[in-house]
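# Next come a sequence and a model predicted from it.
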Amino acid sequence: WDRLKKVLAGGEDKQRVFYLALAPSLYGAVSANIAVAGLKSPGARIVLEKPIGSDLESARAINDAVGAVFEEEAIFRIDHYLGKETVQNLLALRFGNSLFEPLWRRGSVDHVQITVAEELGVGGRVEFYDRIGALRDMVQNHLLQLVCLTAIEAPSSLDQEAVRDEKIKVLRALHPIEGDGVRTRTVRGQYAAGAIHGTPVPGYLEELGGKSSRTETFVAIKAEIENWRWSNVPFYLRTGKRLKTKHSEIVIQFQDVPHSIFPEQEYNVKPNRLTIKLQPDEGVKLFVMAKEPGPGGFDLRPVSLDLSFEETFGIRYPDAYERLLMEVLRGNPALFMRRDEVEAAWEWVDTIIAGWE
Ligand code: BG6
């Protein structure tokens with residue numbers, strides 16, 4: 001702390017940002033020390049890396065401790081998914097177009113799939129990861145944030161609180177998964193040894209040095225949002241490490257046509273599907289049925305209306321962190337998780353963990 005004081009001496013008029021990428025159990029103590037050391041200059045901000053705790057109780061304790069030093073507006077809880085261009089584009093797609101709105105609901109949408117698949121294993125983070133697992137590492141934050149942006153009602157403006165106020169409503173409307181529901185609505189897995197692009201890779205337990213572990217490296221959940229828009233529309237969430245390819249996407253699967261004039265035995269009519277590709281090959285694809293050109297009656301097949309961000313905009317996107325840290329400097333917390341969001345997400349995740357245990 002003495003060394004840090006020396007480094008910062010004389011810069012009291014500068015914007016101070018403390019960026020904590022530490023074990024979350026230290027966030028409270030570090031915040032207190034920032035205050036004790038007199039380093040919290042007026043307008044100073046603090047950035048907290050995820051995970052904020054490991055359950056609701058620890059998250060509350062951290063939020064209380066950091067909140068004792070920094071005002072909520074000065075606390076920036078990072079979820080780097082919110083800094084991804086394609087994730088922000090969800091808001092543009094939904095609320096910058098009138099086309100989708102009437103269909104974006106029960107009655108038109110059959111189900112939603114949110115997938116974050118990774119090729120990487122846990123590698124050097126195995127010690128940390130074994131205490132965490134996929135549900136806490138990915139679902140509690142990244143996937144639930146994607147659920148929020150897919151499911152929210154239109155905010156009244158882009159104002160930082162207006163968007164976050166809508167997100168918290170989605171989190172609070174998540175049907176709790178507990179008791180028997182944990183068995184019927186969730187699946188866990190752990191990767192074994194295999195090959196990625198033909199290169200052999202070790203299994204999770206081998207990476208753990210042969211210790212036994214029940215930590216999940218894959219999780220799939222059938223989630224439901226209990227409100228007028230989404231009642232009885234399943235949101236299938238899945239994420240895992242060492243899967244076949246790295247890809248993240250949101251699929252809006254629309255319902256079948258109400259009455260088909262193309263008999264099923266002869267025609268392969270598929271319901272429409274909107275795929276929002278978050279990474280790689282960022283873009284949006286809308287699958288529609290089309291007639292194959294040619295004489296001799298109808299031959300139908302799904303074809304896609306394709307928007308590739310790279311082809312359309314032809315620019316390099318800022319890295320998610322680059323954008324988020326810039327937002328911290330600008331003092332705009334819209335792309336960060338508010339305290340109530342983090343806690344509502346833990347509340348939902350906690351009963352699943354309890355059920356597994
Ligand atoms: C991090 C998780 O938050 O997100 C990692 O802790 C995961 O386990 C990473 O690999 C995935 O991020 P991205 O941007 O590569 O999808």
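Arrived safely.
# which parts of the stretch 101-250 of the chain sit against the ligand?
With Cβ under 6 Å from any ligand atom as the criterion, the stretch 101-250 of the chain comes near the ligand at residues 118, 120, 137, 248. For the C-beta atoms, the positions are set from N, CA and C on the backbone; glycine is no exception.
# Mind doing that once more with 5 Å?
Applying Cβ under 5 Å from any ligand atom, we find that the stretch 101-250 of the chain lies next to the ligand at Asp137.
# contacting residues around whatever residue of the stretch 101-250 of the chain ends up closest to the ligand?
Taking Cβ to the nearest ligand atom as the measure, the stretch 101-250 of the chain has Asp137 as its residue closest to the ligand, at 4.7 Å. For Asp137, the contacting residues are 51, 129, taking Cβ atoms under 8 Å, 6 or more residues apart in numbering as the criterion.
# Just confirm it is within a helix.
Yes: counting by DSSP: H, G, I helix; E, B strand; the rest coil, Asp137 falls inside a helix.
# if I look at it, how far off is Tyr236?
Shown here: Asp137 relative to Tyr236, a distance of 19 Å by Cβ to Cβ, to the nearest Å.
# which residues of the stretch 101-250 of the chain fall in helices?
Under the criterion DSSP state H, counting those that start in this stretch, the stretch 101-250 of the chain contains helices at 126-134, 144-151, 160-173, 180-185, 204-207.
# chain center to the fourth one: distance?
Relative to the centre of its chain, helix 180-185 is centred 22 Å away, using Cα atoms, centre = their mean, to the nearest Å.
# Pull out the buried positions in it.
Along helix 180-185, the positions that meet the burial threshold by neighbour count (16 or more other Cβ atoms under 10 Å) are 181-182, 185.
# that older thread, highest average neighbour count across the helices of the stretch 101-250 of the chain?
Counting by mean count of other Cβ atoms under 10 Å, helix 144-151 has the highest mean neighbour count of the helices of the stretch 101-250 of the chain, with a mean of 24.
# Show me what it is in contact with.
Residues contacting helix 144-151 (Cβ under 8 Å, 6+ apart): 79, 81-82, 87, 90-91, 112, 114, 116, 166-167, 170-171, 174, 223, 225, 229-230, 235, 237, 250, 252, 278, 337, 341, 345, 348.
# go again using 7 Å as the cut-off
Residues from elsewhere that reach helix 144-151 (Cβ atoms under 7 Å, 6 or more residues apart in numbering): 79, 81-82, 87, 90-91, 112, 114, 167, 170-171, 223, 225, 230, 235, 250, 345.
# Then stretch 313-320?
Defining contact as Cβ under 7 Å, 6+ apart, one finds that stretch 313-320 is touched by 80, 83-85.
# Restricted to helices, list those residues.
In helices, judged by DSSP state H, the following of the contacts of stretch 313-320 are found: Glu85.
# Where is pLDDT lowest across the contacts of stretch 313-320?
Lowest-confidence member of those: Glu85, scoring 87 (pLDDT).
# So Leu307: helix, strand or coil?
strand.
# Distance of it relative to Ser108?
When distance is defined by Cβ to Cβ, Leu307 is 21 Å away from Ser108.
# which one of the two has more residues nearby?
Comparing Leu307 with Ser108 by other Cβ atoms under 10 Å, the one with more neighbours is Leu307, at 17 against 14.
# and the more buried one, what does it touch?
283-284 are the contacts of Leu307 under Cβ under 7 Å, 6+ apart.
# which residues does it bridge with?
According to DSSP bridges, Val284 are recorded as the beta-bridge partners of Leu307.
# about what we covered before: I'd like the helices of the stretch 101-250 of the chain as a markdown table, with mean pLDDT appended.
As requested, these are exported to a markdown table (pLDDT from 0 to 100):
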| stretch | mean pLDDT |
| --- | --- |
| helix 126-134 | 93 |
| helix 144-151 | 98 |
| helix 160-173 | 95 |
| helix 180-185 | 96 |
| helix 204-207 | 96 |
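# right, so of those, which gets closest to Pro302?
Taking Cβ to Cβ, helix 144-151 is the member of these nearest to Pro302, at 21.8 Å.
# Restricting to C-alpha, output the closest one in PDB.
Output in PDB follows, covering the C-alpha atoms of helix 144-151 (Å, rounded to 0.1, in the frame of the first residue of the first chain):
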ATOM      1  CA  LEU A 144     -27.900 -15.400 -17.900                       C
ATOM      2  CA  GLN A 145     -26.900 -12.000 -19.300                       C
ATOM      3  CA  LEU A 146     -27.600 -13.400 -22.800                       C
ATOM      4  CA  VAL A 147     -31.000 -14.600 -21.500                       C
ATOM      5  CA  CYS A 148     -31.700 -11.200 -20.200                       C
ATOM      6  CA  LEU A 149     -30.900  -9.400 -23.500                       C
ATOM      7  CA  THR A 150     -32.900 -11.900 -25.500                       C
ATOM      8  CA  ALA A 151     -35.900 -11.800 -23.300                       C
END
